[in-house]
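Chemist: Give me the fold of what follows.
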Amino acid sequence: MAERLKDIFFTETSLNKFADTIKQYYPEFDKKKFLALVFDENWESLELKAKMRHTTLCLHETLPKDFGKALDILKQTAPLTKGFEVMVHHDYVELYGLDNWDLSLPALGYFTQYGSSEFAIRPFLDKEPEKVMAWMNKWAKDKDEKVRRFASEGCRPRLPWAMALPKFKKDPGPILPVLEKLKNDPSEFVRKSVANNLNDISKDHPELVMDWCEKWKGLSENTDWIIKHACRSMLKAGNKRALQLFGHGDPSLLIIKDLKIEKTVTIGENLLYSFQLIVKGEEKTKVRLEYSINFVKSTGKLSRKIFKITENDYKPGTYSFSKRHSFVDMSTRKHFPGLHYITFYVNGEEKAKAEFKVEKF
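Modeler: A predicted model of the protein is given here:
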């Protein structure tokens, strides 16, 4: 089994090295006190993010109380700090710098070169979005791709594992100038963030995102790559404009027939299904074929998940599909007994559905 992140980072060894680096630039640093504070009786029970926050709190007890002086020490040590431990630098600014923006914002732009400041910037964005977005627009033109990526990633409305930005969910307008600056960025690292940001925005403003994607389509290989990834949620949802943008054929000419599916599947085994896809018309058609399963949760409620079968060009004719879906439990998905539903979609339009029962072994 792969090691858990919390067992790889913030270990006794790594935090000793971290403390040694601090002491190198701050000789008065009380390493013994710092480590004693960190490794308290609750340390082993903490998850990764909680360990980071606890380390930040302990560091604050052993650094100068003056925020500027503490920040100078952290700036010197950041290039020498490896792994998740470097996130303590960003977390320190998030916790103790909200009353000192003139020092905090430049510091986050600096620290992001060594570990992304995307999480730490969000309380600042929530408090004064206009002021922070002025910095984001500046960072979007930085020579360092990590800083440019931060300009997009930090203002994503729905950044995973981070606090949401409700103001940007409601009005993503301030984000768009940053994305416009980055749409042809030479770095795929940056372009992927732009696509993810647009995908976030599409959850609340699909028509706005479609307007931008239609405007960007064909401008360059970079923008075409971005909009394809930006539209992924809308394509899954069967958004007509998104499907049309990427040349998917008229769903009225696409039919699923002879659906066969097992009526019962045991947890730990595979659900087998087969069907025929009929492509009508006279020309080759781009087809996006998907299915969704309404899974029974531990509460007994249903949770829908969409899966892609294929996306390809098909000449008129009949095509046979025989597939399987695994009901083996994973760390990311547990299965529960009960009546499930499977639905098949062609170019975003529902074409066939069935029910089946999931049982325990």
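Chemist: And the contacts of the helix or strand harbouring Val265?
Modeler: Per DSSP states H and E, Val265 falls inside strand 264-266. With CB atoms under 8 Å, 6 or more residues apart in numbering as the contact definition, strand 264-266 has outside contacts at 271, 327, 356-361. C-beta here means a position set from N, CA and C on the backbone, and glycine is covered the same way.
Chemist: Go through the residues you listed and name the one nearest Ala162.
Modeler: Nearest to Ala162 out of the contacts of strand 264-266 is Phe327 (CB to CB; 32.0 Å).
Chemist: picking that back up, check the contacts of strand 264-266 for burial and list the buried ones.
Modeler: 271, 327, 356, 358 (16 or more other CB atoms under 10 Å).
Chemist: Domain ranges for the protein, per the record?
Modeler: With domains defined by automatic domain parsing, the chain comprises 5-245, 251-359.
Chemist: From the contacts of strand 264-266, which shows the smallest pLDDT?
Modeler: Within the contacts of strand 264-266, Phe361 has the lowest pLDDT, namely 80.
Chemist: ok, now how distant is that one from Ile267?
Modeler: Distance, Phe361 to Ile267, using CB to CB, to the nearest Å: 6 Å.
Chemist: With Lys217 instead?
Modeler: Counting by CB to CB, the gap from Lys217 to Ile267 is 44 Å.
Chemist: ok, back up a step: any chance of the buried ones among the contacts of strand 264-266 in JSON lines, plus secondary structure and distance to Glu12?
Modeler: Output for the buried ones among the contacts of strand 264-266, formatted as JSON lines (DSSP: H, G, I helix; E, B strand; the rest coil; distance: CB to CB, whole Å):
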{"residue": "Leu271", "secondary structure": "strand", "distance to Glu12": "46"}
{"residue": "Phe327", "secondary structure": "coil", "distance to Glu12": "41"}
{"residue": "Phe356", "secondary structure": "strand", "distance to Glu12": "50"}
{"residue": "Val358", "secondary structure": "strand", "distance to Glu12": "45"}
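Chemist: sorry, back to before: what's the offset of the strand holding Val265 from the middle of its chain?
Modeler: In terms of CA atoms, centre = their mean, to the nearest Å, the centre of strand 264-266 is set 33 Å apart from its chain centre.
Chemist: Begin at 298 from now on, thanks
Modeler: Sure thing, new numbering starts at 298, so read that last one as strand 561-563.
Chemist: Just confirm Ser619 is within a strand.
Modeler: Yes - counting by DSSP: H, G, I helix; E, B strand; the rest coil, Ser619 falls inside a strand.
Chemist: ok, the contacts of strand 561-563 vs Val390, which is closest?
Modeler: Nearest to Val390 among the contacts of strand 561-563: Phe624, at 45.5 Å, using CB to CB.
Chemist: Next, that closest one: phi, psi?
Modeler: For Phe624, the backbone dihedrals (degrees, to the nearest 10) come out as phi -110, psi 30.
Chemist: so who does it touch?
Modeler: Phe624 makes contacts with 562-568, 632, 655, as judged by CB under 8 Å, 6+ apart.
Chemist: where in this structure is pLDDT low?
Modeler: Applying pLDDT under 70 to the chain flags the ranges 298-305.
Chemist: Which residue ranges of it form strands?
Modeler: Assignment of strands within the chain using DSSP state E yields the ranges 551-558, 561-563, 567-576, 582-593, 599-611, 614-623, 635-643, 646-656.
Chemist: among those, which is nearest Leu456?
Modeler: strand 599-611 (21.4 Å).
Chemist: helices or strands up against the closest one?
Modeler: Using 3 or more CB pairs under 8 Å, 6 or more residues apart in numbering; DSSP states H and E, the elements in contact with strand 599-611 are strand 582-593, strand 614-623.
Chemist: I'd like the ones you listed written out as CSV, with distance to Phe447 added.
Modeler: Listed next are the helices and strands packed on strand 599-611 as CSV, based on distance: least, CB to CB, whole Å:
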stretch, distance to Phe447
strand 582-593, 33
strand 614-623, 37
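Chemist: Pick the most deeply packed of the ones you listed.
Modeler: Across the helices and strands packed on strand 599-611, the average number of neighbours (mean count of other CB atoms under 10 Å) peaks for strand 582-593, which reaches a mean of 19.
Chemist: quick check: angle from that one to strand 614-623?
Modeler: In terms of direction (axes from the mean of the first three to the mean of the last three CA atoms, to 10 degrees), strand 582-593 departs from strand 614-623 by 30 degrees.
Chemist: Next one: the spatially most central residue of the chain from Trp509, what distance?
Modeler: In the chain, the residue lying closest to the centroid (CA atoms, centre = their mean) is Pro457, at 4.8 Å. Computed with CB to CB, the distance linking Pro457 and Trp509 is 22 Å.
Chemist: How about Ile498?
Modeler: Ile498 sits 9 Å away from Trp509, going by CB to CB.
Chemist: Please say which of the two ends up with more neighbours.
Modeler: Higher neighbour count among Ile498 and Trp509: Ile498, with 24 against 21, using other CB atoms under 10 Å.
Chemist: show me the residues around the residue nearest to that one when sequence neighbours are not counted that make contact.
Modeler: Spatial nearest neighbour of Ile498, chain neighbours left out: Pro469 (4.6 Å); criterion: CB to CB, 6 or more residues apart in numbering. Contact analysis of Pro469 by CB under 8 Å, 6+ apart lists 454, 498, 501-502, 505.
Chemist: What about those, which one has the most neighbours?
Modeler: Greatest neighbour count in the contacts of Pro469, by other CB under 10 Å, goes to Ile498: 24 neighbours.
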